[in-house]
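> pasting the sequence and the predicted model now:
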Amino acid sequence: MKKLISITLALVFTLGLLAGCSSKGTPTGPSGNTSNGSKIAKVGLGHITSIKSSKDLGTDKDGKEVLPVGQVDTVIAAVAFDKDGKVVKVTIDNAQTKVNFDKNMQLTSDIKAPGKTKVELGDAYGMKKASQIGKEWYEQAAALGKWMEGKTVDEIKAMKTFKRDDAHPAVPDVAELKSSVTISVQDYIAAVEEAYKNAVEVKGAEKIGLGHVISTAKSKSLGTDKDGKEVLPLAQVDTVMAVTAFDKDGKVVKAIIDNAQTKINFSKDGKVTTNKNDEFKTKVELKDAYGMKKASQIGKEWYEQAAALGKWMEGKTVDEIKAMKTFKRDDAHPAVPDVAELKSSVTISVQDYIAAVEEAYKNAK
């Protein structure tokens, strides 16, 4: 009898040890960590803007009329990295915004309507019906981001790809992505690389989110101004971006704010006059070349003001940020901060930047 009891106790002890080993072998980590325990050490914003898909007024190869289009594609990547430079979390999106004109170079797009990214469009983007794998764009972008997790930028850049056609020069040639990604990935990888180069250190970040506000409101039809001077057609797309890291209580740890203000000029006869091969820089990338400082009441450039606004947001919840007191300086500046800490550092209108941070919170993961 004693021998039986001894054997039973030994078995219980052994099973307890095995259970303990199993528990240690699969740590889940606290919220915000990956399954292998990696913590967010840096966050970055990457972006690439192109106008190459814009069109002149003309005819196609079948003699059918082609109406003018100003198209801006701004690829955006919000990325969190661990201390070893490996991707912890990534969100990839594309703000593909079109400004349409008729043959008389009058705007036909509703320029008051807010623009939507490919992720926001979801199934309405319409890739699934033409996809060889039956996957919509947002699904493919999510699968690509998932594949990047746990890898360094160099490992991501080393991905094998193949050219399917001129429009798809870099389709993944990776077994894990064969059934999930058939889009060309060169711009998305480049945006993640830029996010890494621009990444800033953070402490206590549990989640990271991407927010944006897209406007075409400053686009113009062919016409004349109040002084009778000719106004040439213009497609202007302002893509506000905010990559925001939050702590476990939903407070901002870091807010990176930028604006890709992209202008496509047309001649009166409907030809694109902006060089389609130009490198299009954001307001942060332009820095002093953006030219706000000389007109600023406080002598601060746009990138300096955006950084000061982001700094003010740190330690606050989205609700606290939205409660900021503002005043209307003029129609172009309806929400200038009326906060003592920002009087000497921010005179830009902040409504779109706050809205982008709020969306980043809603999208945070």
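That came through, no problem. Just so we're clear, the structure is a prediction, and the values are computed from it rather than from any experiment.

> ok, the most centrally placed residue in the chain to K128 distance?
A centroid search over the chain (Cα atoms, centre = their mean) returns I76, at 3.3 Å, as the residue closest to the centre. When distance is defined by Cβ to Cβ, to the nearest Å, I76 is 22 Å away from K128. For the C-beta atoms, the positions are set from N, CA and C on the backbone; glycine is no exception.

> swap in T224?
45 Å.

> before we move on, back to that, can you tell me who the residue nearest to the centre of the chain pairs with across the strands?
For I76, the residues forming beta bridges with it (DSSP bridges) are H47, D93.

> now do the contacts for it.
With contact set as Cβ atoms under 8 Å, 6 or more residues apart in numbering, I76 has these partners: 45-47, 92-95, 117, 191, 210, 212, 239, 241.

> relative to L210, how far out is it?
6 Å.

> intersection of neighbour lists for these two?
93, 241.

> quick one: the helices in the stretch 151-300 of the chain, in order.
153-157, 186-198, 283-286 (DSSP state H, counting those that start in this stretch).

> straight-line length of stretch 153-173, end to end?
Using Cα to Cα, to the nearest Å, the end-to-end distance of stretch 153-173 comes to 17 Å.

> can you give me the buried ones in that stretch?
153, 156, 159, 161, 170-172 (16 or more other Cβ atoms under 10 Å).

> over to stretch 319-336?
Under 16+ other Cβ under 10 Å, the buried positions of stretch 319-336 are 321, 324, 326, 335-336.

> okay, those in TSV with pLDDT, distance to K103 and secondary structure next?
Output for those, formatted as TSV (pLDDT from 0 to 100; distance: Cβ to Cβ, whole Å; DSSP: H, G, I helix; E, B strand; the rest coil):
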residue	pLDDT	distance to K103	secondary structure
I321	98	46	helix
M324	98	46	coil
T326	98	42	strand
A335	98	38	coil
V336	97	41	strand
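
> which member of those is positioned nearest D110?
When those are compared for distance to D110 (Cβ to Cβ), A335 wins out at 22.9 Å.

> alpha carbons of stretch 204-217, as PDB, please.
Only the C-alpha atoms of stretch 204-217 are listed here, as PDB (Å, rounded to 0.1, in the frame of the first residue of the first chain):
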ATOM      1  CA  GLY A 204       6.000  51.900 -22.100                       C
ATOM      2  CA  ALA A 205       4.400  51.600 -25.500                       C
ATOM      3  CA  GLU A 206       1.800  48.700 -25.700                       C
ATOM      4  CA  LYS A 207       0.000  49.500 -28.900                       C
ATOM      5  CA  ILE A 208       0.700  51.400 -32.200                       C
ATOM      6  CA  GLY A 209      -1.900  52.900 -34.600                       C
ATOM      7  CA  LEU A 210      -2.000  54.700 -37.900                       C
ATOM      8  CA  GLY A 211      -4.500  57.500 -38.600                       C
ATOM      9  CA  HIS A 212      -5.000  59.800 -41.600                       C
ATOM     10  CA  VAL A 213      -7.100  62.600 -43.000                       C
ATOM     11  CA  ILE A 214      -7.200  63.000 -46.800                       C
ATOM     12  CA  SER A 215      -8.400  66.200 -48.500                       C
ATOM     13  CA  THR A 216      -8.600  67.400 -52.100                       C
ATOM     14  CA  ALA A 217     -10.300  70.700 -51.100                       C
END
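
> now it: buried residues?
Within stretch 204-217, the residues scored as buried using 16+ other Cβ under 10 Å are 205-216.

> now stretch 261-268
So for stretch 261-268, counting by 16+ other Cβ under 10 Å, buried means 261-266.

> now do it: everything it contacts.
49, 51, 54, 68, 70-72, 74, 99, 101, 105, 222, 230, 232-239, 272-274, 280, 282-283.

> would you show me how to pick out the buried ones of these in ChimeraX?
Command for ChimeraX that selects the buried part of those, burial taken from 16+ other Cβ under 10 Å:
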select :49,51,54,68,70,71,72,74,99,101,105,222,233,234,235,236,237,238,239,272,274,280,282,283
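
> okay, and the beta partners of the closest residue to S349 other than its chain neighbours?
The shortest distance from S349 to any non-neighbouring residue, by Cβ to Cβ, 6 or more residues apart in numbering, is to H333 (4.2 Å). Beta-bridge pairing for H333 (DSSP bridges): D330.

> show me what contacts H333?
347-349.

> rerun at 10 Å
326-327, 347-351 (Cβ atoms under 10 Å, 6 or more residues apart in numbering).

> show me the strands in the stretch 201-350 of the chain, by range?
207-215, 223-224, 230-231, 234-246, 252-265, 326-327, 336-337 (DSSP state E, counting those that start in this stretch).

> can you name the next helix or strand after the last one?
To tie it back to what came earlier, the one meant is strand 336-337. helix 351-363 (DSSP states H and E).

> one step back: quick check: the gap between the residue nearest to the centre of the chain and K103.
Counting by Cβ to Cβ, the gap from I76 to K103 is 33 Å.

> now do E206
Distance from E206 to K103, by Cβ to Cβ: 53 Å.

> which intervals of the protein have sub-threshold pLDDT?
1-37 (pLDDT under 70).

> circling back to that earlier point, and the furthest pair within the buried residues of stretch 153-173?
V153 and V171 (19.9 Å).

> these two touch, right, K55 and L67?
Yes: assessed by Cβ atoms under 10 Å, K55 is found in contact with L67 at 7.6 Å.

> ok, these two, which is more surrounded?
A side-by-side neighbour count of K55 and L67, using other Cβ atoms under 10 Å, places K55 first with 18 against 15.
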